[in-house]
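**Q** Sequence unavailable; structure follows:
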Ligand code: HEM
């Protein structure tokens with residue numbers, strides 16, 4: 001007892017020396033623990049009968065495939081080979097379970113939602129960036145916040161029309177969008193020989209501005225002025241946090257391992273506050289952006305609170321006003337409301353803008369499908385015009401069959417989140433509706449999986465959306481027509497039987513807004529413009545940077561981009577198609 005008390009006294013008096021003395025013991029412990037995880041644990045794992053790829057390396061398992069292939073592809077490949085439940089290895093023997101089987105997904109996402117939480121590191125990092133918002137809440141807090149926030153925003157295509165006018169101006173003026181080109185010479189060469197009424201525009205940047213403005217207006221009654229290029233401080237902080245210009249690299253697994261070990265040391269020895277002394281420019285700019293995010297979002301909430309007090313009797317139009325009204329104020333603190341603001345912006349604007357970038361890319365590759373959608377939109381607009389309206393309203397947009405098929409197809413093919421992680425909060429049994437072959441006895445099949453508390457799980461969004469047994473051999477192709485014959489039966493509970501918005505109590509709360517916003521913007525743009533590839537041989541690669549984003553092959557250093565040729569669509573095309 002005396003020895004313990006002396007040790008504590010010594011540690012308090014000499015924290016630095018204690019930490020340095022403890023370091024070797026800590027590293028040895030880490031070594032023993034990981035040696036057990038790599039060499040022994042797999043033999044006792046409750047997942048040992050779940051089939052999956054052989055680890056490529058004793059220390060980093062199957063990580064190399066996950067790094068080398070585009071987001072979601074390795075999951076899809078393994079799912080095709082082994083079925084709806086796959087076990088693979090990560091760093092130092094860590095096991096992960098990929099689920100795409102409908103019964104398993106319904107169990108984890110819908111009937112046992114709160115038994116499968118987001119991993120602490122994801123929740124911790126998100127909470128640090130976003131504040132106390134819905135994405136990082138679990139259990140009762142999540143249930144309560146979600147109840148308060150189940151109000152729909154109304155999308156408006158006003159912002160889409162602003163973008164249309166901006167692009168029209170660029171096309172008519174033959175303006176050079178320098179972001180669309182690798183360098184000035186490439187831009188000049190195109191400019192010298194380009195036809196009239198055509199421009200090459202880097203569309204993803206504009207679409208991100210558009211969706212930020214649209215969400216700000218519909219969700220928070222706030223104008224970010226991103227389309228008018230006046231971008232306020234909050235918009236800039238978001239852009240630098242979530243879409244930095246550098247392309248995400250493909251590190252060697254050993255690099256990830258070293259980073260993890262350093263991270264573990266920094267976490268385990270917070271007393272040293274080592275992170276503070278790391279001279280890293282990127283870290284510095286992240287800190288600055290985080291600070292701006294906090295200060296600016298607090299200002300918006302504060303301004304709204306003052307307004308809400310004055311206007312409490314008036315009907316509430318946007319989400320922020322609703323959350324700050326007297327009724328909700330009782331149950332949500334201003335700090336929680338601030339968290340919801342940043343959370344919705346984070347979850348909402350780049351997801352939609354990326355989906356729009358991908359659909360324009362597919363249209364550039366499939367002019368026939370583009371023309372078909374244009375014809376449908378123009379026919380509907382003619383009817384609306386007869387009723388005295390120039391633009392389509394939400395009901396009309398929802399009623400357009402081909403637009404709906406295009407929306408489903410692009411969200412199936414290009415889900416912004418290719419997978420999402422969960423961790424079992426207790427021991428459990430996950431059912432499988434289609435059994436998989438046992439890895440320990442290939443003559444047997446298994447129809448359930450025993451998972452232990454702490455087990456990491458990946459919800460295979462991309463893999464489930466491209467399941468060939470459901471969508472056919474052309475599951476990797478963009479073919480909106482597959483949705484028109486109504487024969488798709490996925491048995492998964494999410495929107496359209498897809499995993500794109502997930503399913504159950506944690507499914508995307510903004511999906512209705514997302515669908516309508518997507519349709520509103522696409523209908524305005526496809527009506528006004530024809531989209532084509534910048535060069536006949538341009539290749540676009542998918543890389544994950546929070547969400548899956550497009551990058552131009554051989555121009556990765558320029559960051560996420562989708563440069564497209566844009567022409568004004570002929571006015572009489574409806575009669576031609
Ligand atoms: C194409 C557009 C979108 C897609 C594909 C999408 C997808 C998703 C997915 C997969 C999740 C679940 C993540 C997880 O739990 O691991 C999610 C959650 C969420 N999304 Fe979306 N989203 C989109 C647009 C939006 C929009 C427009 C908003 C806001 C208006 C929004 C707000 C949220 C929020 C707040 C959550 C957290 C919900 C919760 O945990 O209860 N999303 N979204």
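**A** Ah, there it is. The model shown is predicted, which means the values in this text are computed figures rather than measured ones. Residues are numbered from 1 along each chain as shown.

**Q** Show me what from the chain comes close to the ligand.
**A** Residues of the chain lying near the ligand by Cβ under 6 Å from any ligand atom: 134-135, 146, 219, 343-344, 347-348, 351-352, 355, 415-417, 420, 500-502, 506, 508-510, 513-514. (Glycine included, C-beta is placed from N, CA and C.)

**Q** switch to 5 Å and redo it
**A** Residues of the chain lying near the ligand by Cβ under 5 Å from any ligand atom: 134-135, 344, 347-348, 351-352, 355, 416-417, 420, 500-502, 506, 508-510, 513-514.

**Q** Please list the members of these that lie in strands.
**A** Among those, the ones falling in strands (DSSP state E) are residue 420.

**Q** Which ones among the residues of the chain next to the ligand map onto helices?
**A** Per DSSP state H, helices hold the following members of the residues of the chain next to the ligand: 344, 347-348, 351-352, 355, 513-514.

**Q** just those now: which is nearest residue 108?
**A** Of all those, residue 347 has the smallest distance to residue 108: 20.2 Å, by Cβ to Cβ.

**Q** For the closest one, which non-adjacent residue is closest in space?
**A** Using Cβ to Cβ, 6 or more residues apart in numbering and skipping the chain neighbours, the partner closest in space to residue 347 is residue 135 (6.1 Å).

**Q** What ranges does the stretch 1-150 of the chain have for its strands?
**A** Using DSSP state E, counting those that start in this stretch, the strands of the stretch 1-150 of the chain run over 85-89, 95-99, 116-117.

**Q** pLDDT below threshold where in the stretch 51-200 of the chain?
**A** 122-132, 150-157 (pLDDT under 70).

**Q** let's go with 90 and repeat that
**A** Applying pLDDT under 90 to the stretch 51-200 of the chain flags the ranges 56-60, 90-94, 119-162, 173-176, 178, 193-197.

**Q** For it, which segments count as helices?
**A** Per DSSP state H, counting those that start in this stretch, the stretch 51-200 of the chain carries helices over the ranges 63-68, 73-82, 102-105, 120-130, 139-149, 158-172, 184-193.

**Q** a markdown table please, covering these and showing mean neighbour count.
**A** Shown next, in a markdown table, are those (neighbours: other Cβ atoms under 10 Å):
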| stretch | mean neighbour count |
| --- | --- |
| helix 63-68 | 17 |
| helix 73-82 | 20 |
| helix 102-105 | 23 |
| helix 120-130 | 16 |
| helix 139-149 | 15 |
| helix 158-172 | 18 |
| helix 184-193 | 12 |
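
**Q** For residue 542, which of those is the nearest?
**A** helix 73-82 (8.4 Å).

**Q** Which single residue of this protein ends up nearest the ligand?
**A** In the chain, no residue comes nearer to the ligand than residue 510, which is 2.2 Å away by Cβ to the nearest ligand atom.

**Q** Give me the nearest residue to that residue, chain neighbours excluded.
**A** That would be residue 348: by Cβ to Cβ, 6+ apart, it lies 5.2 Å from residue 510.

**Q** May I ask you to confirm that residue 544 belongs to a helix?
**A** No - with DSSP: H, G, I helix; E, B strand; the rest coil as the criterion, residue 544 is strand rather than part of a helix.

**Q** ok, now which ones touch it?
**A** Applying Cβ atoms under 8 Å, 6 or more residues apart in numbering, we find residue 544 in contact with 71, 248, 418.

**Q** Which of the residues you listed ranks first by neighbour count?
**A** Counting neighbours by other Cβ atoms under 10 Å, residue 418 leads the contacts of residue 544 with 24 neighbours.

**Q** so that one touches residue 69, yeah?
**A** No - Residue 418 lies out of contact with residue 69 (Cβ atoms under 8 Å); the separation is 10.4 Å.

**Q** Quick one: mean pLDDT over stretch 204-222.
**A** Averaged across stretch 204-222, pLDDT comes to 87.

**Q** try stretch 550-566
**A** What stretch 550-566 shows for mean pLDDT is 94.

**Q** ends of that stretch, how far apart?
**A** By Cα to Cα, to the nearest Å, the extent of stretch 550-566 from end to end equals 18 Å.

**Q** starting at the chain centroid, how far to the longest strand seen in the chain?
**A** The residue-count maximum for a strand in the chain (DSSP E) belongs to strand 428-437. Strand 428-437 sits 28 Å away from the centroid of its parent chain (Cα atoms, centre = their mean, to the nearest Å).

**Q** Which per-residue confidence value corresponds to residue 296?
**A** Residue 296 is given a pLDDT of 81.

**Q** Skip the chain neighbours and tell me the closest residue to it.
**A** residue 234 (4.0 Å).

**Q** State the number of residues packed around that neighbour.
**A** Using other Cβ under 10 Å, residue 234 is surrounded by 24 other residues.

**Q** Which positions within the helix or strand containing it qualify as buried?
**A** Following DSSP states H and E, one finds residue 234 within helix 233-242. By neighbour count on 16 or more other Cβ atoms under 10 Å, the buried set for helix 233-242 is 234-242.

**Q** and the least confident of those residues?
**A** residue 242 (70).

**Q** check contacts around that residue.
**A** 346, 350, 545-546.

**Q** could you give the mean pLDDT of stretch 359-378?
**A** Stretch 359-378 comes out at a mean pLDDT of 98.

**Q** which outside residues touch it?
**A** 203, 392, 400-403, 406, 410, 413, 478, 480, 522-523, 525-527, 530-533, 540, 550, 562, 564-565, 569, 573-574, 577.

**Q** now the helices for the stretch 401-550 of the chain?
**A** Using DSSP H, counting those that start in this stretch, helices in the stretch 401-550 of the chain cover 401-413, 461-465, 468-471, 511-528.

**Q** Where does pLDDT dip in the stretch 351-500 of the chain?
**A** In the stretch 351-500 of the chain, residues with pLDDT under 90: 387-395, 442, 485-494.

**Q** Could you rerun that using 80?
**A** 486-487, 490 (pLDDT under 80).

**Q** Which residue ranges of the stretch 151-300 of the chain form strands?
**A** Counting by DSSP E, counting those that start in this stretch, one finds strands in the stretch 151-300 of the chain at the ranges 198-202.

**Q** Ends of stretch 388-397, what's the gap?
**A** By Cα to Cα, one end of stretch 388-397 lies 16 Å from the other end.

**Q** quick check, distance from it to the centre of its chain.
**A** Mean C-alpha position of stretch 388-397 versus that of the full chain (Cα atoms, centre = their mean) differs by 30 Å.

**Q** and if you look at stretch 39-53?
**A** Relative to where its chain is centred, stretch 39-53 has its mean C-alpha point 30 Å off (Cα atoms, centre = their mean).

**Q** what's the answer for stretch 508-520, then?
**A** 14 Å.

**Q** try stretch 340-348
**A** 12 Å.

**Q** now what about it, what contacts it?
**A** 129-131, 133-136, 145, 149, 211-212, 215-216, 219-220, 238, 242, 293, 297, 300-301, 319-320, 323, 332, 508, 510, 513-514.

**Q** Same check on stretch 528-535?
**A** 164, 167-168, 171, 180, 200, 360, 363-365, 367, 370, 563-569.

**Q** can we see that at 7 Å?
**A** 164, 167-168, 180, 200, 360, 363-365, 370, 563-569 (Cβ atoms under 7 Å, 6 or more residues apart in numbering).

**Q** try stretch 556-564
**A** With Cβ under 7 Å, 6+ apart, stretch 556-564 has contacts from 179-180, 182, 200-204, 243, 245-247, 357, 360-361, 364, 531-534, 540, 545, 549-552.

**Q** Buried ones among the residues you listed?
**A** 179-180, 200-204, 243, 247, 357, 360-361, 364, 531-534, 540, 545, 549-552.

**Q** What's the local residue count around the residue nearest to residue 347?
**A** Neighbour number of residue 135 under other Cβ under 10 Å is 20.

**Q** what's near enough to touch the residue of the chain closest to the ligand?
**A** 344, 347-348.

**Q** For residue 89, state which of those residues is nearest.
**A** Minimum distance to residue 89 across the contacts of residue 510 is 30.5 Å, recorded for residue 347 (Cβ to Cβ).
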